[in-house]
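Peer 1: no sequence on this one, just coordinates:
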């Protein structure tokens, strides 16, 4: 007989304001990456379940849309306070299912909270424009209205932050929101849903629906879903964009990245090395803004590589819930092995493997891989070309700034980049010249604050708008322009005291 103490937890969808068991009969395992053990089973929605959820959201949207802006803002303020009060509990949920260390999980929540802060300003964000006397006796004004039912499909690497990127603006704008989180770490989304209900969000306005490709396709094809937001890999982002737009939806799909950090000879080597290590190996490299390539310009290469190599042994790897650890496991055994394959093949391609993360002992049976450092990488090598999405840092050496810029601009991805230099003129020229959506100057991970917007260029973004911030408000609303003319009050049959024209 199975020991009930070790039986995986059965997770639920979140429908109509409460946990709801799945009915498809299909489930997926949710692992603890630090132990390699299954800790929960998550239901995978069928097309019928998706349709039922969309219809419930559609009904809820009709009642939610006329709710006053001040009331919506009040709910967001309460939601923010609840997350703040229970952020440690949420961080532990993230660590348990994703594997990132507790401090990293708290950082994710802090960045997510910025988006709640932004949505609290919805009465100001939805102000329209007004032009008096556009023509004789004619006024013209614009208003922003919600789309109805919108959906978000979010990745495993930020199970709290990315849903907050989407849901806060979508809900505050007056939409009903359906969240399809990653089936690898779904519990953070359920926790957020419970906090929103506690904050006063009406039942049915937020739905959390777990699933795989069947559920995703059903959302993409459903006629009552007006818009889709997505964050994930480039091949899937392209599929989401092409399928969603083919079915008449508004789509923003953020894809993959291969972020370069350019280090010039005049840079502060210690600062650059610290930045490279934290940006490459933080969260086990499983983030789209991770630095994966350092471009060493001129004679800085040897000094920089030595400084990075000296710091790597100090990166403490272990379970995310143990104090002092700085890097946890990868999300799954399959992904860990895929990342290790890039390290294994680097030297055969002509690169130099300086630090092999496969060699050092890792704790327990979890999905751990220690940091790796590969020098002398070049375009055409798999370890340079592919988005590895793991704790692997490559170094490419060039002679000039122009060659470094060309590497950045020739890359098919255009998510984030950074330059390290003491020269303000060069930095300004770089921000002008580089074909990338987010740029850091002596900042390795230039994720915008919530009142700007997040998004890359080229194969890192499919769609016309970036995520959250002002672009988020525009994405989840549509404009309506009203042109009005009223009869001259002087000609009214009711004497209102206006002067006559005679």
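Peer 2: That came through, no problem. Remember, predicted model here, so these are calculated numbers, not experimental data.
Peer 1: low pLDDT regions in this structure?
Peer 2: 1-5, 492-502 (pLDDT under 70).
Peer 1: give me the domain ranges for it.
Peer 2: Domain ranges of the chain: 9-255+460-482, 259-441, per automatic domain parsing.
Peer 1: kindly reformat these as JSON lines containing mean neighbour count.
Peer 2: Glycine gets a C-beta too; all of them are placed from N, C-alpha and C. Output for those, formatted as JSON lines (neighbours: other CB atoms under 10 Å):
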{"stretch": "domain 9-255+460-482", "mean neighbour count": "20"}
{"stretch": "domain 259-441", "mean neighbour count": "20"}
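Peer 1: would JSON lines of those with distance to residue 491 be doable?
Peer 2: As requested, these are exported to JSON lines (distance: least, CB to CB, whole Å):
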{"stretch": "domain 9-255+460-482", "distance to residue 491": "12"}
{"stretch": "domain 259-441", "distance to residue 491": "56"}
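Peer 1: among the ones you listed, which is nearest residue 454?
Peer 2: domain 9-255+460-482 (4.5 Å; CB to CB).
Peer 1: how far does that closest one sit from its chain's centre?
Peer 2: Distance of domain 9-255+460-482 from its chain centroid, counting by CA atoms, centre = their mean, to the nearest Å, is 11 Å.
Peer 1: end-to-end on it?
Peer 2: Start-to-end span of domain 9-255+460-482 (CA to CA, to the nearest Å) is 53 Å.
Peer 1: could you do stretch 314-321 as well?
Peer 2: 18 Å.
Peer 1: I'd like the distance between the residue most central in space within the chain and residue 182.
Peer 2: The chain has residue 162 as the residue nearest its centroid, 3.8 Å off, counting by CA atoms, centre = their mean. Noted for residue 162: a distance of 9 Å to residue 182, by CB to CB, to the nearest Å.
Peer 1: any common contacting residues for these two?
Peer 2: Both residue 162 and residue 182 are in contact with 154, 155, where contact means CB atoms under 8 Å, 6 or more residues apart in numbering.
Peer 1: can you pull out the helices in the stretch 401-502 of the chain?
Peer 2: 401-410, 424-433, 469-475 (DSSP state H, counting those that start in this stretch).
Peer 1: for the closest residue to residue 174 other than its chain neighbours, grab phi and psi.
Peer 2: Closest residue to residue 174 apart from its sequence neighbours, by CB to CB, 6 or more residues apart in numbering: residue 146 at 3.5 Å. Main-chain torsions, residue 146, degrees, to the nearest 10: phi -70, psi 160.
Peer 1: and residue 146, what does it touch?
Peer 2: Going by CB under 8 Å, 6+ apart, residue 146 touches 61, 65, 173, 174, 175, 476, 477.
Peer 1: name the element residue 167 belongs to?
Peer 2: Remark: residue 167 resides in helix 161-172, with elements defined by DSSP states H and E.
Peer 1: from the contact counts, what lies against the following helix or strand past that helix?
Peer 2: As assigned by DSSP H and E, the chain's next helix or strand after helix 161-172 is strand 176-180. Under the contact criterion of 3 or more CB pairs under 8 Å, 6 or more residues apart in numbering; DSSP states H and E, strand 176-180 touches helix 47-64, strand 149-153, helix 161-172, strand 206-208, helix 213-221.
Peer 1: what's in contact with the fourth one?
Peer 2: When you say that, I think you mean strand 206-208. For strand 206-208, the external contacting residues (CB under 8 Å, 6+ apart) are 13-15, 53, 56-57, 167, 171, 176-179, 181, 186, 189-190, 193, 196-197.
Peer 1: for residue 200, what are its contacts?
Peer 2: With contact set as CB under 8 Å, 6+ apart, residue 200 has these partners: 74, 75, 78.
Peer 1: and with 6 Å instead?
Peer 2: Contact analysis of residue 200 by CB atoms under 6 Å, 6 or more residues apart in numbering lists residue 75.
Peer 1: that one and residue 59, how far apart?
Peer 2: Distance from residue 200 to residue 59, by CB to CB: 19 Å.
Peer 1: measure residue 115 to residue 450 for me?
Peer 2: Distance, residue 115 to residue 450, by CB to CB: 5 Å.
Peer 1: one more: residue 241?
Peer 2: Residue 241 sits 24 Å away from residue 450, going by CB to CB.
Peer 1: same deal with residue 197?
Peer 2: Look at residue 197 and residue 450: by CB to CB, they are 23 Å apart.
Peer 1: again with residue 217
Peer 2: Plainly put, residue 217 is 31 Å away from residue 450 if you go by CB to CB.
Peer 1: circling back to that earlier point, got CSV for the helices of the stretch 401-502 of the chain, with distance to residue 339 too?
Peer 2: Below are those laid out as CSV (distance: least, CB to CB, whole Å):
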stretch, distance to residue 339
helix 401-410, 22
helix 424-433, 30
helix 469-475, 32
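Peer 1: which stretch among these approaches residue 310 most closely?
Peer 2: Nearest to residue 310 among those is helix 401-410 (23.5 Å), distances taken as CB to CB.
Peer 1: taking helix 424-433 as reference, get the angle to that closest one.
Peer 2: Here helix 401-410 points in a direction 30 degrees away from that of helix 424-433 (axes from the mean of the first three to the mean of the last three CA atoms, to 10 degrees).
Peer 1: list the contacts of residue 330.
Peer 2: The neighbours of residue 330, taking CB under 6 Å, 6+ apart as the test, are 284, 336, 367.
Peer 1: meant to ask about residue 346, not that
Peer 2: Counting by CB under 6 Å, 6+ apart, residue 346 makes contact with 353, 374, 383.
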